[in-house]
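**Student:** Just the structure for this:
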Amino acid sequence: MQYNGAAVIAMAGKDCIAIASDRRYGLRNQTIGCEMQKTFQINDTTFVGLTGLMSDAQTLEQKFRFRTNMYRLREERDMSPRVFSNMVSSLLYEKRFGPYFCEPVIAGLENGKPYLCGMDLLGAQVYTDDFILAGDCTEAMYGLCESMYRPDLEPDELFELVSQCLLSGVDRDCLAGWGCTVHVLTPQGVTTRHLKGRMD
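**Tutor:** As a prediction, this is how the structure comes out:
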C-alpha cells in the first residue's frame, strides 16, 4: 500500500464537501512525477479518491466509469453517492482472494447533505459525518484534522482547512506530497484548485 505513496482527505461542511489529494507519483523513495491524479469526479454529486497501488487505482477508476455509465443507461439517472459506495464495496469484495491494493474514499452530496464513506481493500465500509482519511501519512493528518475541524464550515473555509491539513500532513511523510489538488463540491457546482507544496 506504500509502494507509490498517496494521501487523501475528504471533509464535510455546511451542505458541501471537499476532497483533496497529493500529486506525487513515485516508486518507493524515487519520485517519477508530480502530476498524478488521485481524485476523480464520477458524476455531479460524487467524487472518489484512490490511495494505494496506482496501477490498481487506474484500473478501478475505469471499472467505476464503466459501471456508472451502465447504471445511467439502464436507470436513466445518475448514481447517488450511497449507491456508488455500495457498488464499489461489492466490486472490491468480489476480488477478496486477490484484492486490488486500493483504499477508496467516497465523498458526495446525498439529497444536498454531505456523504462520506471510506473502505479498506476488501470493501468493508466506514461512514462518518466529519472527515475521513486514507494514504500513508494518516497519523499526522488525523491530529491536524481533529484539532482544526469545526462542523458547518462554509465552502471557502472548508477549502482552506482541507488544504492546510493535507499540505501540513504530507510534509511529515516522504512518500506523499509535491502539491495537491482540492475539489469543493456545493449544490451550485464544483471548484477545483491546484496548490503547490514543498518539493524537497
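**Student:** C-alpha only now, for contacts and for neighbours.
**Tutor:** Will do.
**Student:** Please tell me how far the closest residue in space to A107 that isn't next to it in sequence sits from G177.
**Tutor:** Nearest residue to A107, sequence neighbours excluded (Cα to Cα, 6 or more residues apart in numbering): L116, at 4.7 Å. Look at L116 and G177: by Cα to Cα, to the nearest Å, they are 23 Å apart.
**Student:** What is the neighbour count of V126?
**Tutor:** 12 (other Cα atoms under 10 Å).
**Student:** next one: C117
**Tutor:** Here the count is done by other Cα under 10 Å, and C117 has 23 residues near it.
**Student:** The strand or helix carrying it pairs with which strands?
**Tutor:** Assigned by DSSP states H and E, C117 belongs to strand 113-119. Counting by DSSP bridges, the strands paired with strand 113-119 are strand 102-110 (antiparallel), strand 125-128 (antiparallel).
**Student:** Show me which residues of that strand are buried.
**Tutor:** Going by neighbour count (16 or more other Cα atoms under 10 Å), the buried part of strand 113-119 is 113-119.
**Student:** Make JSON lines out of these and add pLDDT and distance to E139.
**Tutor:** What follows is the buried residues of strand 113-119, written out as JSON lines (pLDDT from 0 to 100; distance: Cα to Cα, whole Å):
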{"residue": "K113", "pLDDT": "93", "distance to E139": "28"}
{"residue": "P114", "pLDDT": "95", "distance to E139": "24"}
{"residue": "Y115", "pLDDT": "95", "distance to E139": "23"}
{"residue": "L116", "pLDDT": "96", "distance to E139": "19"}
{"residue": "C117", "pLDDT": "95", "distance to E139": "19"}
{"residue": "G118", "pLDDT": "94", "distance to E139": "16"}
{"residue": "M119", "pLDDT": "94", "distance to E139": "17"}
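**Student:** so can I have CSV of those residues showing distance to R28?
**Tutor:** As requested, the buried residues of strand 113-119 are exported to CSV (distance: Cα to Cα, whole Å):
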residue, distance to R28
K113, 38
P114, 34
Y115, 32
L116, 29
C117, 27
G118, 24
M119, 23
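**Student:** which residue is nearest the middle of this structure?
**Tutor:** By Cα atoms, centre = their mean, the chain has its centre lying nearest to G49, at 2.5 Å.
**Student:** Which residue is most remote from the mean position of the chain?
**Tutor:** Ranked by distance from the centre of the chain (Cα atoms, centre = their mean), the top residue is R74, with 26.9 Å.
**Student:** circling back: distance from the chain centre to the strand holding C117, please.
**Tutor:** Distance of strand 113-119 from the chain centroid (Cα atoms, centre = their mean, to the nearest Å) equals 10 Å.
**Student:** next one: stretch 178-191
**Tutor:** Centroid separation for stretch 178-191 versus its chain: 11 Å, with Cα atoms, centre = their mean.
**Student:** for this structure, what spans make up the helices?
**Tutor:** Residue ranges of the helices in the chain, as given by DSSP state H, are 54-75, 81-94, 138-148, 155-170.
**Student:** Redo the ones you listed as a markdown table? Include mean pLDDT and distance to C102.
**Tutor:** Shown next, in a markdown table, are the helices of the chain (pLDDT from 0 to 100; distance: least, Cα to Cα, whole Å):
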| stretch | mean pLDDT | distance to C102 |
| --- | --- | --- |
| helix 54-75 | 95 | 6 |
| helix 81-94 | 95 | 9 |
| helix 138-148 | 88 | 15 |
| helix 155-170 | 91 | 19 |
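**Student:** Thanks again, I'm all set now.
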